[in-house]
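K.L.:
Following is a predicted model, sequence given first.
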Amino acid sequence: RILLSLRLLALAQRTRKPMQKSDPPNLAPSRRSAIRSFKVMDVVAKADRLARAGREIYHLEVGQPQSSAPQPAIRVAQEQLAADRCGYTSARGEPPLRQAIADMYLREYGVTVSTDRIHLTPGSSGAFTIAFMAAFDVGDAVAVPAVCYPCYRNLLQCYGVEVISLPVDAKYNVTAAVLAAGQHDRAAAGLPAIKGLILSSPANPTGAILTPEELKALCEHCDRTGVQFISDELYHKIVFEGAPRAACALEYSSSPIIINGFSKACSYGRTGWRLGSGPVTSTSPDPLRREEKRGEERRGEEKSHQHWSFATQAYSMTGWRLGWLIAPDHLDSCVDALNQNMNVSAPTVSQRAAVAALGEEAAAELAQHVKRYEDNRAVVVSGLQRMGVQTHEYAPPQGAFYLYADLGRLGVADSLGMCDALLQDAGVAVTPGVDFEEEGSGVGERRVRLSFPGTTEHVAEAMRRLVEWWESEAGLRWRGGAEARGGANGAANGAANGAANGAANG
């Protein structure tokens, strides 16, 4: 009987028809979800797959430092996890952290901020979603810089907002004059007025910074014309020598929404830390060649630290998911309600550790990161010059840790494909410019963003590989053939000769 049962079961399994997979009728993605992917995260995902397969990957794509969180913050987190259940906090966040943030605004900017207006969120991305929902309705026109952080555009579109791209000026900034021109053009065309503006300074992907005077004029113009200004100040303390002071919008108006967080900023807690090594040049000694030589001694060590950990970062706290939003009075109660319903509360352990990250003990440790970023910037600029990229072909990197370069003159017309090939061939991850430009503009196809918050050795090796690939047959295929190669070599030689002559004459 047992054998007969087993035979009948086997026969039934052989003759059973496979289940037909089909979606129930009328189920489909929402129209609002039809937004572009965050391209840098697509690059990160592919880089991770290659690394897991045993490839050696060098990261110039993601805005994530390779340093760990400040040691005082780590100690507090360990203590709290061992001693407390770390349950929910109020939606606004724990009072000690909100007070520490308010103290920082008074110390750094001379601005008094009520702790009741500070709302802690799961990362600054959580603050963006709340700000957009609190300030704008479906159909509102909201302006962004033509080249900007892609999630501004993508999330606003998801919420049914009409996104208006404003051209940037020669310094890659949107000023009051640029906004006024955009408003005039819409009025002349009979279109609804611009209701909001969001931008960052220092900016992602360009590193451009508004001067205090430009920010003041922009705040005043927004107040005068009824535009809700959202000031993304995430990179405020990553400012290089010779750049303008990164002013806070609250210095000039009480109506902007301020967004900030603990993932990028590195020197809160001490006023006036302006670290740097002067203007970026490629005069002797070549910083890229210097780091190549030094890197040979540390290549074995570097291999064991090439995977980017999203759980330990510059405060370095990207994976701790903690940001904040300062709401103007007219939006405070609705921001609180949205935060309650969407997030409940920001991570409790992160909130308690962040108090230590804002303290004096952490300041010296964190400030050194900014000096490293400035050294890394020089390495990236040197590499680009060896590729034939001229100074007017990249945004002036005054802050943050990005350099945004236009490679169109050198024959690049498909940045997405080129970056994919670079990663596959050379193991160097770079973000295509299509992530930051308006879709269909044709501009992003010739631009790339290089991110340099890692160790200087890591960045130097990444640039060495990039330059080598750029001059190879594989790289040549993505930049217009032999004619582009000749132009690049000529430009590179010209840049090198100019630098040498300038050094000799100097």
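P.N.:
On my side now, so go ahead.

K.L.:
going forward, measure contacts and count neighbours with C-alpha atoms only.
P.N.:
Noted.

K.L.:
Would you enumerate the residues in contact with the residue lying closest to Ile118 once chain neighbours are set aside?
P.N.:
Spatially, and ignoring its direct neighbours in sequence, Ile118 is nearest to Ile326 (4.7 Å; C-alpha to C-alpha, 6 or more residues apart in numbering). Contacts for Ile326 (C-alpha atoms under 8 Å, 6 or more residues apart in numbering) come out as 117-119, 257-259.

K.L.:
Only whichever of these are buried, select them in ChimeraX.
P.N.:
The ChimeraX selection below is limited to those of the contacts of Ile326 classed as buried (16 or more other C-alpha atoms under 10 Å):
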select :117,118,119,257,258,259
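
K.L.:
Among the contacts of Ile326, which one lies nearest to Pro96?
P.N.:
For the contacts of Ile326, the minimum distance to Pro96 (C-alpha to C-alpha) is 11.7 Å, reached by Ile118.

K.L.:
I figured the closest one hits Arg92, correct?
P.N.:
Yes. Ile118 is within contact range of Arg92, at 6.8 Å (criterion: C-alpha atoms under 8 Å).

K.L.:
Just the pLDDT for the residue nearest to Ile118.
P.N.:
At Ile326, the model reports a pLDDT of 97.

K.L.:
can you pull up the bridge partners for it?
P.N.:
Applying DSSP bridges to Ile326 gives these bridge partners: Ile118, Ile258.

K.L.:
Which parts of this protein are strands?
P.N.:
Assigned by DSSP state E, the chain shows strands spanning 58-59, 118-121, 141-145, 162-166, 194-200, 228-232, 257-261, 323-326, 402-406, 428-429, 431-432, 447-451.

K.L.:
Count the neighbours of Glu176 for me.
P.N.:
Careful, residue 176 is Ala and not Glu. 18 (other C-alpha atoms under 10 Å).

K.L.:
so who does it touch?
P.N.:
Here Ala176 is in contact with 214, 217-218, 221 (criterion: C-alpha under 8 Å, 6+ apart).

K.L.:
low-scoring stretches of the protein, by residue?
P.N.:
Residue ranges of the chain with pLDDT under 70: 1-23, 64-68, 263-320, 362, 481-506.

K.L.:
quick one on the thing from earlier: quick one: the strands of the chain as CSV, columns for distance to Ala181 too.
P.N.:
Converted to CSV, the strands of the chain look like this (distance: least, C-alpha to C-alpha, whole Å):
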stretch, distance to Ala181
strand 58-59, 39
strand 118-121, 33
strand 141-145, 12
strand 162-166, 9
strand 194-200, 11
strand 228-232, 17
strand 257-261, 23
strand 323-326, 29
strand 402-406, 25
strand 428-429, 38
strand 431-432, 29
strand 447-451, 26
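
K.L.:
Nearest to Pro72, out of those strands?
P.N.:
Evaluated with C-alpha to C-alpha, the strands of the chain place strand 257-261 nearest to Pro72, the distance being 17.5 Å.

K.L.:
on that earlier part again, for Arg465, see how far away the residue nearest to Ile118 is.
P.N.:
43 Å (C-alpha to C-alpha, to the nearest Å).

K.L.:
can you check Val44 too?
P.N.:
For Val44, the distance to Arg465 - C-alpha to C-alpha - is 18 Å.

K.L.:
just to revisit the earlier point, of the strands of the chain, which is nearest Val459?
P.N.:
Val459 sits nearest to strand 58-59 of all the strands of the chain, at 7.7 Å, using C-alpha to C-alpha.

K.L.:
Give me the phi and psi for Pro347.
P.N.:
As for Pro347, its main-chain torsions (degrees, to the nearest 10) stand at phi -50, psi 130.

K.L.:
For it, give me its contacts.
P.N.:
So Pro347 contacts 88, 122, 320-322 (C-alpha under 8 Å, 6+ apart).

K.L.:
which of the residues you listed lies closest to Leu331?
P.N.:
Using C-alpha to C-alpha, the contacts of Pro347 come closest to Leu331 at Pro122, 19.0 Å.

K.L.:
what's the spacing between Met104 and Ser114?
P.N.:
Shown here: Met104 relative to Ser114, a distance of 12 Å by C-alpha to C-alpha.

K.L.:
Tell me which of the two has more neighbours.
P.N.:
A direct count of neighbours by other C-alpha under 10 Å for Met104 and Ser114 places Met104 higher, at 21 against 13.

K.L.:
Give the buried residues for stretch 363-382.
P.N.:
Under 16+ other C-alpha under 10 Å, the buried positions of stretch 363-382 are 363-367, 369-382.

K.L.:
now do stretch 460-470
P.N.:
For stretch 460-470, the neighbour count (16+ other C-alpha under 10 Å) marks 460-467, 469-470 as buried.

K.L.:
likewise stretch 192-202?
P.N.:
Buried residues in stretch 192-202, counted by 16+ other C-alpha under 10 Å: 193-202.

K.L.:
how about the helices of the stretch 201-350 of the chain, start to end?
P.N.:
Secondary structure of the stretch 201-350 of the chain, counting by DSSP state H, counting those that start in this stretch: helices at 212-225, 287-303, 332-343, 348-357.

K.L.:
Count the neighbours of the nearest residue to Leu416 once chain neighbours are set aside for me.
P.N.:
Nearest residue to Leu416, sequence neighbours excluded (C-alpha to C-alpha, 6+ apart): Pro432, at 5.1 Å. Applying other C-alpha under 10 Å, we find 27 residues neighbouring Pro432.

K.L.:
close enough to count as contact, Pro432 and Val443?
P.N.:
No. Pro432 is beyond contact range of Val443, at 10.8 Å (criterion: C-alpha under 8 Å).

K.L.:
Val227 and Thr175: what is the separation?
P.N.:
Per C-alpha to C-alpha, Val227 is found 14 Å from Thr175.

K.L.:
could you list every residue that touches the closest residue in space to Val239 that isn't next to it in sequence?
P.N.:
Residue nearest to Val239 in three dimensions, not counting chain neighbours: Gly399, with 4.2 Å by C-alpha to C-alpha, 6+ apart. Shown in contact with Gly399 (C-alpha under 8 Å, 6+ apart): 202-203, 207-209, 235, 238-240, 243.

K.L.:
Swap in 7 Å and give it another go.
P.N.:
Residues near Gly399 by C-alpha atoms under 7 Å, 6 or more residues apart in numbering: 202, 207-208, 238-240.

K.L.:
Spatially nearest residue to Val467, not counting backbone neighbours?
P.N.:
Met387 (6.1 Å).

K.L.:
ok, now which ones touch the residue nearest to the spatial centre of the chain?
P.N.:
In the chain, the residue lying closest to the centroid (C-alpha atoms, centre = their mean) is Gly63, at 4.8 Å. Counting by C-alpha under 7 Å, 6+ apart, Gly63 makes contact with 451, 453.
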